[in-house]
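J.: please work out how this folds:
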Amino acid sequence: GAILLALVFARLARAYPNTGGPYAYARRAFGDFVGFQTAWGYWIAVWAGNAAIAVAFVGYLAHFWPALADDKILAAGVALVTIWLLTAVNAYGVREGGAVQVVTTVIKLVPLLMIAVGGLFFVKSGNFGEFNASGGSAFSAVTAAAALTLWAFIGLESATVPAEDVNDPEKTIPRATIAGTAVTALIYIL
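T.: Modelled structure (predicted):
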């Protein structure tokens, strides 16, 4: 499903390489009102996503800085500082935001790849539990798993947003969207 969505956004970016991504596509196809609704909904989704990422970041950071687990005010402050620091970097410029993304992506991918590839040497079939341990129907288990899996792919449309600030957006954005989604899928499968 994520690859199909990436292909749709890649095609849209190739056909209409203007800044705005989903907003620009909805506005062009359906008019100002639907464009506004799309932008508003996307904005709210980004807020929720940023909050979830900040909470997860502070939760992981608490492993190294135990005071964050006990002091909720400190944890909220660290989350807010992180959000505002990254906002400032992105406001400074697309190039700077991209550089931070490259660094954070490498910091995230290297350990994941090490665990994924290294873990292949320690796989034992006896360690696997039953396929559906939820106690519910297979359909409800697959539906819940699909929703959680697609959460990992939230943001695949992001590459389309700064189209007018990208060199050769008709080629660059589709490549980035499809390659990023495919690499993400491969890493999660591993």
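J.: moving C-terminal from the helix or strand encompassing Leu148, which element do we reach first?
T.: Under DSSP states H and E, the secondary-structure element containing Leu148 is helix 138-151. Toward the C-terminal end, the helix or strand that comes next after helix 138-151 (DSSP H and E) is helix 169-189.
J.: which strands and helices sit next to that following helix?
T.: Taking 3 or more Cβ pairs under 8 Å, 6 or more residues apart in numbering; DSSP states H and E as the contact definition, the neighbouring helices and strands of helix 169-189 are helix 2-15, helix 94-119. Every residue, glycine included, has its C-beta placed from N, CA and C.
J.: quick one: residues in contact with the first one.
T.: Which is helix 2-15. 21, 25, 150, 153, 156-157, 159-160, 163, 169-171, 173-175, 177-178, 180-182, 184-185 (Cβ atoms under 8 Å, 6 or more residues apart in numbering).
J.: what angle sits between that helix and helix 169-189?
T.: For helix 2-15 against helix 169-189, the angle between stretch directions is 170 degrees (axes from the mean of the first three to the mean of the last three Cα atoms, to 10 degrees).
J.: now do the last one
T.: On the basis of the same axes, to 10 degrees, helix 94-119 is oriented at 30 degrees to helix 169-189.
J.: which elements pack onto helix 94-119?
T.: helix 72-92, helix 169-189.
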